[in-house]
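Asks: next input, structure requested:
(2 chains)
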Amino acid sequence: MQDDKVIVCEKLTKRFGDFIATNEITFDVHRGEIFGFLGANGAGKTTAMRMLCGLSSPSSGKATIAGYDVYTQTEQIKKNIGYMSQKFSLYENLTVRENIEFFGGIYGLSDERIQSKTEELLQRLGLKTEANKLVGSLPLGWKQKLSFSVAVLHEPKIVFLDEPTGGVDPVTRRQFWDMIYQAADSGITVFVTTHYMDEAEYCNRISIMVDGRMEVLDTPTNLKSSFRARSMDEVFYQLARGAKRGD
Amino acid sequence: MKQFLAFVRKEFYHVLRDRRTLLILFGMPIAQILIFGFALTNEVKDSEILVVDYARDNASQELLTKIGSSRYFNIRQAALSHSEILGAFKKGKIKAVVVFPADFNEDLLHQNKAQIQIITDATDVNTANMITNYLSSIIVDYQNQINQNLEIPYRITPEVRMLYNPQLKGAHGFVPGVMALVLLLVSVMMTAISIVREKESGTMEILLVSPFKPVLVIFAKAFPYLALSLVNVTAILLLSVFVLDLPVKGSVVLLFAESTLFIITCLALGIFISIKTDSQQIAMLISLMGMLLPTMMFSGFLFPIENMPIPLQIISNIVPSKWFYIIVKSIMIKGLGITALWKETLILLGMTLFLLLVSLKSFKIRLQ
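Replies: Reported below is the predicted structural model:
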């Protein structure tokens, strides 16, 4: 089953001086899984995610992403992951097509591949007529969907989504999650952070971080029953209430 | 390499889409050159001239009428002492003072030679020069007129005094000065802003998680500004040669090589600022206050460094534009070659390498 695991973390820790941002977190994520990474602000999610993406070097512990070591093989890791942040992060003064071409370009896709991918993506998102419009002029929902499509453009093994649906209306959020399911179906592992508890229910498994530690890790159904809670909201509240850190 | 090209293309899209910035980038050097150029050459029209006529005789009157009828000068007369003349200059309106000595006509008739004193305000060197030249030629004209039927010619010698700036420093210095200014603005400020913008918008994060090398991000962002700066250098040189008639006496190739070196210095500075700051406003402020002001003050473009107090002279040595200004001035105006400029070039090169090293180093620390 080892091959099935695309993220393996063992006691992964990050210290900044005396402050332990991420404290010995241990977990695995399987191929094609949608893994929810929850926690209050300041719980250490971002730090953990930065380590997994190869942006920041861990203080101790072990982790492999798509089989590559987070200490030594960050270049390989970067080729195999996609990333979408909470801030909208395409270029507003580039057109839809130029954005796709640019990100295809820096991931080193061939011209033909970029061409066919672009057409396919425009078709799927229904953005054919908007292809030559500046991204800045699109509504936020479209931008987020485009942003996600660009993050998986190079067919990564894992895609990290950092609060991807912040500020997006419920209908678009629903559509967005349809896209996440499609990606997971095609074998892409989805690692997602969110503050929306209804979204947490869409995940296969959820972890909740409190004060740098990973308090729980299970399916939403199991979590609710073990906390005797009716919704994920309650589970989260029970856990996060005990947090000492906050923002 | 292909990735790098994709990035550079994106940068050009950014630059070319931003109309306002583009207008500043290309409009500014042209406007500056034209303003500096023509403000310095055309102002001679209708210059206020103060005449102090101690002679009040035939000859002085005739000469005065001649000067007054020229379209270049507006004459005011006043009987002033020598110290009062200085006061009149300080008020700023008059450009020159013409003094006829008491026995002007007498000297002319009996000794066949007389003197006129021309005092000009040489803080504005071009104007001062121009005015003395015009006045002298009017005097020579008058001299020829009265000499027509004479065997022993009369000679009127104008004695010229350039007030405030006797060595006429700074003539034509503005083209190299504008060049340093423009390159600083484009390369330091624009580069810093464009990198910080990616940080602000969150796209820098996306770039850092991509397999694209962080150092290449920096280089790819700096590249378009190198190109733009070279276009600006070309534009400034074309303007100065064809519009201002200020030819490049030295080697154009050397001039471009030195400019490229200075541009790289500026880019390194811009990169350094962008690494140390997180908002576009701060990046812009630091570039303006930290780079533009020292360039104006310490490059020797506006204020002669030799006249500064020693501590300021020492400070001026760490301003890169000072060295660039010296280099460009020497190549353009004096026609010097690399053999005369290797010291300045080496200093600039040293600064560039130092800045590049420091910024690359702090960039790596930042990534941790």
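
Asks: what segments of chain A are strands?
Replies: Ranges of strands within chain A are A:5-16, A:19-30, A:34-39, A:60-65, A:68-69, A:81-84, A:158-162, A:189-193, A:205-210, A:213-218, based on DSSP state E.

Asks: again with chain B
Replies: Under the criterion DSSP E, chain B contains strands at B:47-53, B:73-77, B:96-100, B:113-121, B:155-163.

Asks: return the member of these having the minimum mean pLDDT.
Replies: Note on the strands of chain B: strand B:155-163 shows the lowest mean pLDDT, a mean of 73.

Asks: return the distance of that strand from the chain's centre.
Replies: 28 Å (CA atoms, centre = their mean, to the nearest Å).

Asks: for it, packing partners?
Replies: Under the contact definition 3 or more CB pairs under 8 Å, 6 or more residues apart in numbering or on different chains; DSSP states H and E, strand B:155-163 sits against strand B:113-121, helix B:125-147. To be clear about C-beta, it is placed using only N, CA and C from the backbone, and glycine gets the same treatment.

Asks: list of residues touching the first one?
Replies: Strand B:113-121 is contacted from outside by B:59, B:63, B:85, B:89, B:94-101, B:104-105, B:107-108, B:127-128, B:131-132, B:135-136, B:139, B:154-164, using CB atoms under 8 Å, 6 or more residues apart in numbering or on different chains.

Asks: of those, buried ones?
Replies: Among these, those buried by neighbour count (16 or more other CB atoms under 10 Å in any protein chain shown) are B:59, B:63, B:85, B:89, B:94-101, B:104-105, B:107-108, B:127-128, B:131-132, B:135-136, B:139, B:154, B:156, B:160, B:162-163.

Asks: show me the shaky parts of the chain.
Replies: Using chain A. A:1-3, A:246-247 (pLDDT under 70).

Asks: the chain in question should be chain B.
Replies: Low-confidence segments of chain B (pLDDT under 70): B:37-45, B:90-92, B:123-126, B:149-150, B:162-173, B:365-368.

Asks: returning to that earlier point: which among the strands of chain B is found nearest to A:V168?
Replies: strand B:113-121 (67.5 Å; CB to CB).

Asks: strands paired with that closest one, and their directions?
Replies: Paired neighbours of strand B:113-121 in the sheet (DSSP bridges): strand B:96-100 (antiparallel), strand B:155-163 (parallel).

Asks: quick one: residues in contact with the last one.
Replies: Residues from elsewhere that reach strand B:155-163, judged by CB under 8 Å, 6+ apart: B:63, B:86, B:89, B:108, B:112-123, B:128, B:132, B:135-136, B:139, B:142-143, B:168.

Asks: neighbours of A:G17, how many?
Replies: Residues within reach of A:G17, counting by other CB atoms under 10 Å in any protein chain shown, total 5.

Asks: err, B:R197, not the other one
Replies: 18.

Asks: equivalent analysis for the one 3 residues further on, please.
Replies: Close neighbours of B:E200, defined as other CB under 10 Å, add up to 16.

Asks: distance of it relative to A:G105?
Replies: Plainly put, B:E200 is 23 Å away from A:G105 if you go by CB to CB, to the nearest Å.

Asks: contacts only, for residue 4.
Replies: You didn't pick a chain, so chain A it is. Counting by CB under 8 Å, 6+ apart, A:D4 has contacts A:H30, A:R31.

Asks: actually chain B
Replies: Taking CB under 8 Å, 6+ apart, we find B:F4 in contact with B:L216, B:F219, B:A220.

Asks: so what's the second one up against?
Replies: Under the criterion of CB under 8 Å, 6+ apart, the contact list for B:F219 reads B:F4.

Asks: with distance to A:E112 added, can I get the strands of chain B in JSON lines?
Replies: Converted to JSON lines, the strands of chain B look like this (distance: least, CB to CB, whole Å):
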{"stretch": "strand B:47-53", "distance to A:E112": "70"}
{"stretch": "strand B:73-77", "distance to A:E112": "75"}
{"stretch": "strand B:96-100", "distance to A:E112": "74"}
{"stretch": "strand B:113-121", "distance to A:E112": "70"}
{"stretch": "strand B:155-163", "distance to A:E112": "71"}
